[in-house]
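Trainee: sequence first, predicted model second:
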Amino acid sequence: MVKYPKMREELLETLRSLADREYQHKVWLEGDYPPGIECDSFDEAVHFLYDDTVLAENPDAAIGVIIEDEKEASLMSAVCQAIDLVFEVLGTEVSDEEYIKSAEWTMVVEAALKALQVMEVRSQIAVKI
C-alpha cells in the first residue's frame, strides 16, 4: 500500500504514455487526445517525474508514498536515467518529435514499459486485497 494511491495512478498514467510509441505519436505529435485528457506531452511526463515528485532525484524517498518498495524505486530510477540520457544527447529544448525519433528514445520506452508492467500487476493485486 502507498500513502497516495491517486498520485500512484498518475505515475502509472505517466508510464503508460512513456511506454507507448503509438500514443506518443497520436497524442503528443498530432494532438489527438483521448476522452478525458485535455493536454499531454513529454513535457507533462517530465514535470511529473522531475518536478512534482522525488522520483528522478531520489526514488527511494518515494517508497511508501507513491511506489511500494526498492524494486519499484530501481525501475523508476531506470526510467529517469533513460530520460537523462536523452537530455544529455539532445538537450532540453527540442520538440517531442525530435525526442521520440532519437535512437536513445528506445531506452525510455523500454524502461517505462518494464516499470509499468511490474507496477500495474502490483496495483491490481493491492486492489483485490
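Mentor: Structure received. Everything quoted here is computed from the prediction, not taken from an experiment.
Trainee: check which residues of stretch 58-73 are buried.
Mentor: 59, 62, 66-68, 72-73 (16 or more other CB atoms under 10 Å). Where C-beta positions appear, they are placed from N, C-alpha and C, glycine not excepted.
Trainee: scratch that, stretch 35-51 is what I was asking about
Mentor: In stretch 35-51, counting by 16+ other CB under 10 Å, buried: 40-42, 44-46, 48-50.
Trainee: list of residues touching it?
Mentor: With contact meaning CB atoms under 8 Å, 6 or more residues apart in numbering, stretch 35-51 is reached by 10-11, 14, 17-18, 24, 27-28, 33, 55-57, 76, 79-80, 83, 96, 99-100.
Trainee: re the thing from before, nearest to Thr106 among the buried residues of stretch 35-51?
Mentor: Of all the buried residues of stretch 35-51, Phe42 has the smallest distance to Thr106: 14.5 Å, by CB to CB.
Trainee: quick one, phi/psi of the spatially most central residue of the chain?
Mentor: Against the mean C-alpha coordinate of the chain, by CA atoms, centre = their mean, the closest residue is Leu15 at 3.3 Å. Here is the backbone geometry of Leu15 (degrees, to the nearest 10): phi -60, psi -40.
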